[in-house]
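>>> sequence below, structure please.
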Amino acid sequence: MQGNDTNQGSWRGRLKSMFGAHQQPNGDGAGSAEYTLTHVPWPAGYPDSETTRQSRCLEQFLVALRDMPPCRVLDLGVANQANIEYLTSLGHRISSENVLYCLDSIWGDPNVSEARKIEDFLEQTLNYQECSFGAVLIWDTLQYLPPPLLEVVVERLQQLVVSGALLLAFFPAEEKAKAIPTYAYRIVDWRTLQVSPRALRQRENVFNNRNLERLFQHYASVKFFLTRDHLRELLVKR
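As a prediction, the model looks like this:
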C-alpha cells in the first residue's frame, strides 16, 4: 500500500531544524498521556450513539471528486467498506491510514525522543511519493495530534497532494472540553454521513477559525461551513 518516498529530505530537514539532529529522550515521560479515556464523562452536545448527519462540506468534496479524472484518495480515518465502495464507484482508488492507532502505538513511549517519534509516525502513515493524491479525507484526526507533530503532518500532506487537491477536515465547534469523542465516518450518500462514536480522547489542540486559517496558511484556500451540531467543517484546497 505504501510507496518509498524519494523526496523526503524536506520533512527530515524540518525535524532536524525543530529538534536538533541528535536530541536524546528526556526519560521523564513528558507528553506520554493516556490517549484513550474511559473515566471521563461524555461531553454534552456530542452524539453518544450511531447517528447520521448532513454535510455540505462532504457534498462539495464529493461533487468535486465526481468531476475529477481518476486519482488516489487518502483516508486518515478507520478504513471501512462503505467509503471504499463509494469512492471507487466514482472511479478513484483509496489508501487508508489509521492515524490514531499509529499515534497510540508510537507516542506514549517515554524512552524515545520526540523527533524520532515524529519521524516514525510519518514513515508509518504518510510514506508516499510526493503528489500521490488528488484528495484527502482527514476527518477529525488533526485535533488529537501533539502540536509538533500536527505542524509537520499538515506540511507533509501538502507535499503528498497535487495542485488543486481537496482536503476535508472536521474540528469540534465547542472549544472548552478537554476530552472529546472520536468517531468513525461512513459515507451514506453524497451529502450524508453515518457517524459512530469510538472513544473519548484527550484533545491536544483547540482551534478557532483564525487558528485553522493559520494552520493551513500555505494552502491555496480554506472554506468554512456553518453547522448546527458539534462539528466545524473545513474544505481545504491545495
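>>> going by C-alpha atoms from here, please, whenever you check contacts or count neighbours.
Noted.
>>> ok, residue 56 - contacts?
The contact partners of residue 56, by CA atoms under 8 Å, 6 or more residues apart in numbering, come to 191, 225.
>>> helix or strand right after the lengthiest helix in the chain?
Longest helix in the chain by number of residues (criterion: DSSP state H): helix 147-160. Towards the C-terminus, the helix or strand next in line after helix 147-160, according to DSSP states H and E, is strand 161-172.
>>> confidence score at the residue nearest to residue 237 when sequence neighbours are not counted?
Nearest residue to residue 237, sequence neighbours excluded (CA to CA, 6 or more residues apart in numbering): residue 166, at 4.7 Å. Among the per-residue scores, residue 166 shows a pLDDT of 98.
>>> residue 166: how many residues sit nearby?
Other residues near residue 166 number 25, with proximity taken as other CA atoms under 10 Å.
>>> and for the one 5 residues further on?
When counting by other CA under 10 Å, one arrives at 21 neighbours for residue 171.
>>> thought residue 227 was touching it, still the case?
No - Residue 171 lies out of contact with residue 227 (CA atoms under 8 Å); the separation is 11.3 Å.
>>> quickly list what's touching both of these two.
Shared contacts of residue 171 and residue 227, defined by CA under 8 Å, 6+ apart, are found at residue 233.
>>> pLDDT below threshold where in the chain?
Counting by pLDDT under 70, the chain contains low-confidence ranges at 1-38.
>>> so where do the helices sit in it?
In order along the chain, the chain carries the following helices (DSSP H): 9-19, 56-66, 81-89, 99-107, 114-125, 147-160, 209-215.
>>> looking at those, which is closest to residue 131?
Judged by CA to CA, the one of the helices of the chain that comes nearest to residue 131 is helix 147-160, at 4.6 Å.
>>> CA atoms only: put the closest one into CSV for me.
These are the backbone C-alpha positions of helix 147-160, laid out as CSV (Å, rounded to 0.1, in the frame of the first residue of the first chain):
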residue,chain,number,x,y,z
PRO,A,147,1.4,20.3,18.4
PRO,A,148,4.9,19.5,17.0
LEU,A,149,3.5,16.5,15.1
LEU,A,150,0.5,18.4,13.9
GLU,A,151,2.6,21.1,12.1
VAL,A,152,4.7,18.5,10.4
VAL,A,153,1.7,16.4,9.3
VAL,A,154,-0.1,19.4,7.7
GLU,A,155,3.1,20.3,5.9
ARG,A,156,3.6,16.6,4.8
LEU,A,157,0.1,16.4,3.4
GLN,A,158,0.7,19.5,1.3
GLN,A,159,3.6,17.6,-0.3
LEU,A,160,1.6,14.5,-0.9
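>>> counting by contacts, list what it packs against.
Contacts defined by 3 or more CA pairs under 8 Å, 6 or more residues apart in numbering; DSSP states H and E place helix 147-160 against helix 9-19.
>>> at 10 Å what do you get?
Using 3 or more CA pairs under 10 Å, 6 or more residues apart in numbering; DSSP states H and E, the elements in contact with helix 147-160 are helix 9-19, helix 114-125, strand 133-139, strand 161-172, helix 209-215.
>>> who are the packing partners of the last one?
Spelled out, it's helix 209-215. Helix 209-215 sits against helix 147-160, strand 221-225, strand 231-237, with contacts defined as 3+ CA pairs under 10 Å, 6+ apart.
>>> test my guess that residue 215 contacts residue 143.
No - with contact defined as CA atoms under 10 Å, residue 215 does not reach residue 143; the gap is 11.5 Å.
>>> mutual contacts of the two, please.
150, 207 (CA atoms under 10 Å, 6 or more residues apart in numbering).
>>> which of the two has more neighbours?
For residue 215 against residue 143, the residue with the higher neighbour count under other CA under 10 Å is residue 143, and the figures read 21 against 16.
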